[in-house]
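K.L.:
only geometry, no sequence info:
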């Protein structure tokens, strides 16, 4: 007849519980060990703290390493979809065009400067009362001294159906000889001060009137000029016309 079966695992657990019950930790030894560990840390040289940008760069590099395989595939797709970029070559003659534009600006500056000469100044404008069939070009001359000779010329470009309807000036009509001519694609209005007459200091207007083709007329090709004589000597001004005043 066999005796009861032994339970080795159960006996082991019982002994462990018993040993745990009678164990008393050596508090003094534990505290001494902790103190020795702290002393060792105090004696160890301090490790330099890495700058924030180094730590961030390291983290970024780690992430980049993980994503490198997928990133290569994405980059390949982007490169294939993006249009190829090539150096842009200047079209033939662009330098020449730029030079012409610069020359035009320079010429415009010279023309604007020629609107004044000593005591004489001038301006040109399309009268604001002009309409889609008719227009008037006004030349304003100002002088701070008397003029003993004066010739004013208005040139209206033949832009289509341009025909004169008259002319006038704010100075006495008997002091001027007026002529109207058409040449080189322009209507030419000319006022010439008669010999022995004088233009006093002041501001004076010379105007030419004309019909033109229906619609807004471009006065960009119109020009005026004036040649005068004062006590200081000969004077000359010229210019173009601004639209509507």
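P.N.:
Cool, got the structure. Source: prediction; values computed, not measured.
K.L.:
quick one: contacts for residue 220?
P.N.:
Residues near residue 220 by C-beta atoms under 8 Å, 6 or more residues apart in numbering: residue 240. (Glycine included, C-beta is placed from N, CA and C.)
K.L.:
show me the helices in this protein, by range?
P.N.:
Ranges of helices within the chain are 8-22, 27-43, 52-81, 94-113, based on DSSP state H.
K.L.:
burial of residue 151, as a residue count?
P.N.:
Residue 151 sits with 16 neighbouring residues when counted by other C-beta atoms under 10 Å.
K.L.:
partners of it in the sheet?
P.N.:
Residues found in beta-bridge contact with residue 151 (criterion: DSSP bridges) are residue 192, residue 227.
K.L.:
so what's it scoring on pLDDT?
P.N.:
Looking at residue 151, its pLDDT is 98.
K.L.:
now the protein, which segments are flagged as low pLDDT?
P.N.:
When the per-residue scores of the chain are filtered using pLDDT under 70, the ranges that remain are 1-9, 12, 19-112, 244-245.
K.L.:
just checking, residue 127 touches residue 138?
P.N.:
Yes: in this structure residue 127 lies within contact range of residue 138 using C-beta atoms under 8 Å: 5.4 Å.
K.L.:
which neighbours do these two share?
P.N.:
Taking C-beta under 8 Å, 6+ apart as the criterion, residue 127 and residue 138 both touch residue 207.
K.L.:
okay, those two: which has more neighbours?
P.N.:
Neighbour comparison, residue 127 and residue 138: the larger count goes to residue 138, with 19 against 16 (by other C-beta under 10 Å).
K.L.:
that one against residue 125, yeah?
P.N.:
Yes: counting by C-beta under 8 Å, residue 138 touches residue 125, with 5.3 Å between them.
K.L.:
got any residues that touch both of those two?
P.N.:
Taking C-beta under 8 Å, 6+ apart as the contact criterion, residue 138 and residue 125 have no common neighbours.
K.L.:
which ones are touching the closest residue to residue 200 other than its chain neighbours?
P.N.:
Taking C-beta to C-beta, 6 or more residues apart in numbering as the measure, residue 200 lies nearest to residue 146, with 5.6 Å between them; neighbours along the chain are not counted. Shown here is residue 146, whose contacts under the criterion C-beta under 8 Å, 6+ apart are 198, 199, 200, 201, 230, 231.
K.L.:
how about residue 237, nearest residue that isn't a chain neighbour?
P.N.:
residue 122 (4.3 Å).
K.L.:
bridging residues for that neighbour?
P.N.:
When bridges are called by DSSP bridges, residue 122 pairs up with residue 141.
K.L.:
near residue 149, how many other residues are there?
P.N.:
Number of residues near residue 149 (other C-beta under 10 Å) recorded here: 17.
K.L.:
list the residues that contact it.
P.N.:
Going by C-beta under 8 Å, 6+ apart, residue 149 touches 193, 227, 228, 229.
K.L.:
quickly note the distance from it to residue 116.
P.N.:
Computed as C-beta to C-beta, to the nearest Å, the residue 149 to residue 116 distance reads 18 Å.
K.L.:
for the closest residue to residue 156 other than its chain neighbours, list the residues it contacts.
P.N.:
Spatial nearest neighbour of residue 156, excluding adjacent residues (C-beta to C-beta, 6+ apart): residue 187 at 4.3 Å. Taking C-beta under 8 Å, 6+ apart, we find residue 187 in contact with 155, 156, 158, 162, 163, 164, 180, 181, 208, 210.
K.L.:
please repeat the previous calculation with a cut-off of 7 Å.
P.N.:
Contacts for residue 187 (C-beta atoms under 7 Å, 6 or more residues apart in numbering) come out as 156, 158, 162, 164, 210.
K.L.:
what's the closest of those residues to residue 237?
P.N.:
Distance from residue 237 was checked for each of the contacts of residue 187 by C-beta to C-beta. The minimum falls on residue 156, at 18.1 Å.
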